[in-house]
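Undergrad: Need coordinates for the below:
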Amino acid sequence: MRSQPLNIFLGGAFGFLIAYFFSIGWYISLIPTAGVAVCYFLIYFPKHVFISLAFFTPISVNIEEYTEQLGLFLPTEPLLIGLTLLGLATYLLKHEARSSFHKEPIAIVLLLYLSWIGVTCITSSHPIISLKFLLARLWFIIPCFFLSVFFFSSWRTIRQFFWWFTLGLVLVITYTIINHAGYQFGEKESHWVMAPFFKDHTIYGAVVALALPFPLVLFYISKRSALNNMLLILFFTVISLGLYFSYTRAAWLSVFGALVIVSLVYFQIKLRWIIILLTVLFAIFLSNKERIQLEMARNKVEHTTESFDERLKSATNVTTDASNLERINRWACAIEMCKERPVFGFGPGTFAFEYARFQEPENLTIISTNFGNMGNAHSEFLSALSETGIMGFILFVCFVAISFYTVINLITKSKTRNKRIFVTANAILFSLSTYFIHGLLNNFLDTDKAAYPVFTMIALSLVLEKKLAPQPNGRV
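TA: As a prediction, this is how the structure comes out:
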């Protein structure tokens, strides 16, 4: 009987070969063989395929860069599609495969959100684009959220998820740092040196920040050995260097924000005190609004600087920094789009095709285009607002809020009962905090790079909550 690591390796190696051959154009003759192999692994080793995705998500490649027609991440998306079809078939045909997982509040909200996306596809200004968006969301969410409850059956599988994702990302970061070093770590080059694995430095920085606590949680939940400890210290160092040299302000700020959130939860600061503090800070802001605006107007530091402190300072430059001003332009467009279609929005995935006519002349920047062909709304939340209307926005916010509530509640309950769950839950809270703080400024859940780890960790928090429940022998 083959060992589990070998099964994971075989599934992963197969996926890598598909990605390689697709990228060089030999895919036509390999399609039948690849299809049979995919079916074999999906049917007999679905858990191993799912875990192998943790390794291949960071190193997946969008073949759109090679075909200029088909946008598909390889090898991840074909495997996710296969897992989705297998999961739906199993759920419909085998009653014993069903669980009460879909009855959890977070799962109900997510199902409502997906249903509303389906409704807005019908009313969309670009129905085909919206349908593609819905299908992509389904093959991200069904395997990563609804099926992972079956895959995370043991601590061994949980460790493998963190190990494989960390290893895959460390390989990409190492490649990026070596490539970047050839350009003396220049700021301009930092935008594309991670290609072809990541589109640009913003999504690269978001995923690197998200994975920052992974080596730390592995240090606690893995078997202690000198080799393991050395590897994890090395991995943490590489991830930290990758974060710094990503030159991604949003990623840096998200790490600081995540540290604050984790600290507040760890020290069990009451919600009322947090609300009081935020109220006081808001009052101070209002009383000093003119002075703050004046200081921001004086800030001329550009995001193109390589200095860490100056780059952070440039985040408040809303006078000359084109990147900041363009974000404001997109956010204004998203709000105006919602005003025109407040109920259903313009349809999932349609922002890039519709925002051009909502640009106001005073909001245009040197990087704006009259054709509006420069991408998304630069916000997970405003993207939902403009594309799926107020209801879609509310459902998405509720999903995020319940996700955080679930993780925080898990941390509170496990603090004195199970240290392993406690440490893992804190790592999940940190990761989700970095992503959704970043999500205020960018949106990447339409890619495997962000969707796989985010939805998987949210599902993992529910799995850990079940593990925390007392067992028949009284243990947790």
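Undergrad: which residues does Glu189 contact?
TA: Taking Cβ atoms under 8 Å, 6 or more residues apart in numbering, we find Glu189 in contact with His180, Tyr183. (Each C-beta comes from the backbone N, C-alpha and C, glycine too.)
Undergrad: The same query, at a cut-off of 6 Å, please.
TA: Shown in contact with Glu189 (Cβ atoms under 6 Å, 6 or more residues apart in numbering): Tyr183.
Undergrad: Gln268 versus that one, what's the distance?
TA: According to Cβ to Cβ, to the nearest Å, Glu189 and Gln268 sit 45 Å apart.
Undergrad: And for Val400?
TA: Separation of Val400 from Gln268 (Cβ to Cβ): 22 Å.
Undergrad: Between these two, tell me which one has more neighbours.
TA: Val400 (19 against 9; other Cβ atoms under 10 Å).
Undergrad: For Thr57, which residues are in contact?
TA: Thr76, Asp448, Tyr452.
Undergrad: are any of those residues buried, and which?
TA: Thr76, Asp448, Tyr452 (16 or more other Cβ atoms under 10 Å).
Undergrad: Not counting its neighbours along the chain, what's nearest the last one?
TA: For Tyr452, ignoring the flanking residues on the chain, the nearest one in space by Cβ to Cβ, 6 or more residues apart in numbering is Thr57 at 4.6 Å.
Undergrad: which element is the one you found on?
TA: Applying DSSP states H and E as the criterion places Thr57 in helix 46-59.
Undergrad: after that helix, next one along is what?
TA: Scanning forward in sequence from helix 46-59 by DSSP H and E, the next helix or strand is strand 61-62.
Undergrad: ok, that following strand: who's next to it in the sheet?
TA: Strand 61-62 sits in its sheet next to strand 73-74 (antiparallel), going by DSSP bridges.
Undergrad: would you list every one of the helices in the stretch 351-476 of the chain?
TA: Ranges of helices in the stretch 351-476 of the chain, per DSSP state H, counting those that start in this stretch, are 351-354, 380-414, 419-438, 448-468.
Undergrad: To Ile51, which of those lies closest?
TA: helix 448-468 (10.2 Å; Cβ to Cβ).
Undergrad: Run through who's touching the closest one.
TA: By Cβ under 6 Å, 6+ apart, helix 448-468 touches 57, 60, 73, 76, 140-141, 144-145, 148-149, 152, 203, 207, 403, 406-407, 410, 414, 421, 428, 431, 435, 444-445, 476.
Undergrad: Off-centre distance for it?
TA: Put simply, helix 448-468 sits 12 Å off its chain's centre (Cα atoms, centre = their mean, to the nearest Å).
Undergrad: Tell me which residues of it come out buried.
TA: Result for helix 448-468 [16+ other Cβ under 10 Å]: buried residues 448-465, 467-468.
Undergrad: mind checking pLDDT for Gly44?
TA: Careful, residue 44 is Tyr; it's not Gly. With respect to pLDDT, Tyr44 scores 79.
Undergrad: Leu86 versus that one, what's the distance?
TA: Taken as Cβ to Cβ, the span from Tyr44 to Leu86 is 11 Å.
Undergrad: Of those two, give the one with the bigger neighbour count.
TA: For Tyr44 versus Leu86, neighbours defined as other Cβ under 10 Å are more numerous around Leu86 (18 against 10).
Undergrad: Give me the neighbour count for Glu64.
TA: 13.
Undergrad: so who does it touch?
TA: Glu64 touches Gly71, counting by Cβ under 6 Å, 6+ apart.
Undergrad: Poorly predicted segments of the protein, please.
TA: 1-38, 65-70, 91-102, 289-290, 292-321, 370-374, 469-476 (pLDDT under 70).
Undergrad: All the helices of the stretch 1-150 of the chain, residue numbers only.
TA: With helices called from DSSP H, counting those that start in this stretch, the stretch 1-150 of the chain shows them at 4-24, 27-44, 46-59, 64-67, 76-93, 105-122, 127-141, 148-151.
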